[in-house]
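> Only the shape, not the letters, is given here:
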């Protein structure tokens with residue numbers, strides 16, 4: 001039986017080895033930040049023009065209904081829809097962030113990406129496991145040359161016994177070459193991109209609600225216009241019938257008036273289709289059944305707000321899709337470092353220990369202890385060019401990410417310029433169309449007076465009425481296009497969102513996506 005002194009000696013040996021392992025771990029920890037391989041990330045450059053081509057004082061000096069705001073006149077905030085001063089629109093937009101299922105799915109994607117970051121960070125720490133067991137076993141007689149358990153020549157009797165074991169195992173792979181660090185950086189960038197995607201989905205849904213809302217109000221305005229027109233045509237028909245009964249007008253004029261009235265009534269009725277579809281679209285965006293959602297009729301009265309603009313480079317920070325594209329480039333850059341780390345050896349520090357005995361009474365006795373500790377070095381000697389091909393793959397993915405990022409930036413500038421041009425031209429067109437409506441009204445008055453005087457046939461009145469209705473309808477549609485372009489411009493500018501709202505790489509795992517943007 002080993003003496004107590006021998007136990008003390010083995011203990012001292014064990015503690016010396018443990019201290020050596022701890023010291024080695026400390027050295028590895030120092031190397032964590034100094035030996036990270038892979039390229040250092042630098043935000044890719046993108047072409048940014050010095051100014052918007054469409055946004056000049058000359059372009060907007062003759063516009064009406066939309067203008068460039070002075071500095072401090074109005075500011076894009078998270079609740080950008082409040083700039084339209086429409087309480088009904090405000091109420092709808094508040095529901096989008098709570099009930100929209102597309103936003104809910106994007107939020108779930110972010111939560112999954114956040115969990116992946118935590119998984120990556122867990123690799124910084126050692127893994128400790130315990131696997132207690134109680135095993136009853138009996139050796140095979142074949143292990144002892146075929147001697148049976150009851151043979152007198154065996155010199156011993158084979159019998160079953162119970163082994164009580166409580167082992168603890170610990171292993172740690174120090175991040176000598178930045179494999180874990182690059183993994184954390186890559187997943188953090190992916191989570192940040194997912195957070196930006198969430199904001200982009202939110203902004204898109206909010207914009208769609210605003211556009212559909214103004215489309216409904218446009219249909220209500222057209223309905224109001226056609227209702228008034230039908231009433232006017234009804235009066236014209238009655239006047240024509242009176243003149244026909246008096247022998248002044250021909251039956252042809254009555255037929256013409258009836259045809260015009262009935263055709264306009266059909267157009268008036270047809271407006272209900274588009275309104276119902278836009279109403280159903282808003283219900284979908286609000287996460288409600290289309291059967292239970294409705295909006296009271298109210299004509300379009302909103303005016304496009306004055307919107308301030310910064311220099312073009314601010315788009316790079318304001319649009320969530322641009323921020324997402326840039327974060328994906330950062331993820332691809334970290335993936336290059338992760339693939340490069342495969343060239344270097346892996347060091348694993350492992351230790352195990354515990355208690356094992358065939359007697360439950362002596363299971364946790366000090367002599368029942370066992371332990372082992374030591375490092376392991378693993379290095380791939382030949383893999384047929386796999387690591388080199390993997391690095392080349394991620395470098396190509398990085399280049400693709402840079403191209404996608406620059407394309408997103410170019411698209412952002414295009415969308416802003418498109419909507420600036422649309423607002424500028426629509427503002428001028430609305431003024432011209434209003435003049436055309438006034439001229440058509442004057443023409444109808446003259447045609448009606450000449451018809452009543454018996455100078456001109458009723459066909460001239462019909463032509464004038466049709467011209468007026470067409471121009472009035474065009475005027476309403478132009479106002480609708482103007483409101484749509486205003487919403488799309490705000491969306492193109494990021495809706496007041498800013499890249500500074502992205503969670504930092506350190507805090508990304510703590511961000512909660514459920515809170516609305518303020």
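Great, that's in hand. Just so you know, these numbers come straight off a predicted model, no measurement behind them.
> Now for residue 412, how many residues are close by?
22 (other Cβ atoms under 10 Å). Just so you know, the C-beta spots here come from the backbone N, C-alpha and C atoms, and that holds for glycine as well.
> Next: residue 287.
16.
> Which strands or helices does the helix or strand hosting residue 202 pack on?
Applying DSSP states H and E as the criterion places residue 202 in helix 179-245. Here helix 179-245 touches helix 87-99, helix 101-121, helix 251-285, helix 320-340, helix 458-492, going by 3 or more Cβ pairs under 8 Å, 6 or more residues apart in numbering; DSSP states H and E.
> would TSV of those helices with mean pLDDT and mean neighbour count be doable?
Output for the helices and strands packed on helix 179-245, formatted as TSV (pLDDT from 0 to 100; neighbours: other Cβ atoms under 10 Å):
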stretch	mean pLDDT	mean neighbour count
helix 87-99	93	15
helix 101-121	94	17
helix 251-285	94	16
helix 320-340	93	24
helix 458-492	94	20
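> Among the ones you listed, which comes closest to residue 44?
For the helices and strands packed on helix 179-245, the distance to residue 44 is smallest for helix 320-340, at 5.8 Å, taking Cβ to Cβ.
> wait, what's in contact with residue 104?
Counting by Cβ atoms under 8 Å, 6 or more residues apart in numbering, residue 104 makes contact with residue 287.
> Swap in 6 Å and give it another go.
Residue 104 makes contact with no residue, according to Cβ atoms under 6 Å, 6 or more residues apart in numbering.
> The residue nearest to residue 483 when sequence neighbours are not counted and residue 434: what is the separation?
When the adjacent residues along the chain are set aside, residue 483 lies closest to residue 214, with 4.3 Å between them (Cβ to Cβ, 6 or more residues apart in numbering). Counting by Cβ to Cβ, to the nearest Å, the gap from residue 214 to residue 434 is 19 Å.
> Which one of those two is surrounded by more residues?
Each of residue 214 and residue 434 has its neighbours counted (other Cβ under 10 Å); residue 214 has more, 24 against 14.
> now residue 288: how far from residue 96?
To residue 96, residue 288 is 11 Å away according to Cβ to Cβ.
> how long is stretch 362-375 from one end to the other?
31 Å (Cα to Cα, to the nearest Å).
> which parts of that stretch are buried?
If you call a residue buried by 16 or more other Cβ atoms under 10 Å, then stretch 362-375 has these buried ones: 363, 368-369, 375.
> Now do the contacts for the residue nearest the centre of the chain.
Centroid-nearest residue in the chain: residue 197, 2.2 Å away (criterion: Cα atoms, centre = their mean). Contacts for residue 197 (Cβ under 6 Å, 6+ apart) come out as residue 324.
> That one and residue 109, how far apart?
Distance from residue 197 to residue 109, by Cβ to Cβ: 7 Å.
> any residues in contact with both of these two?
Joint contacts of residue 197 and residue 109 (Cβ under 6 Å, 6+ apart) do not exist.
> Need the pLDDT of the spatially closest residue to residue 327 that is not a sequence neighbour.
Nearest non-adjacent residue to residue 327, counting by Cβ to Cβ, 6+ apart: residue 193, 3.8 Å away. The confidence metric pLDDT takes the value 94 at residue 193.
> Hmm, residue 324 and residue 193 touching each other?
Yes: counting by Cβ atoms under 6 Å, residue 193 does reach residue 324; the two are 4.5 Å apart.
> what bits of this protein have low per-residue confidence?
1-34, 56-77, 141-158, 307-311, 499, 505-518 (pLDDT under 70).
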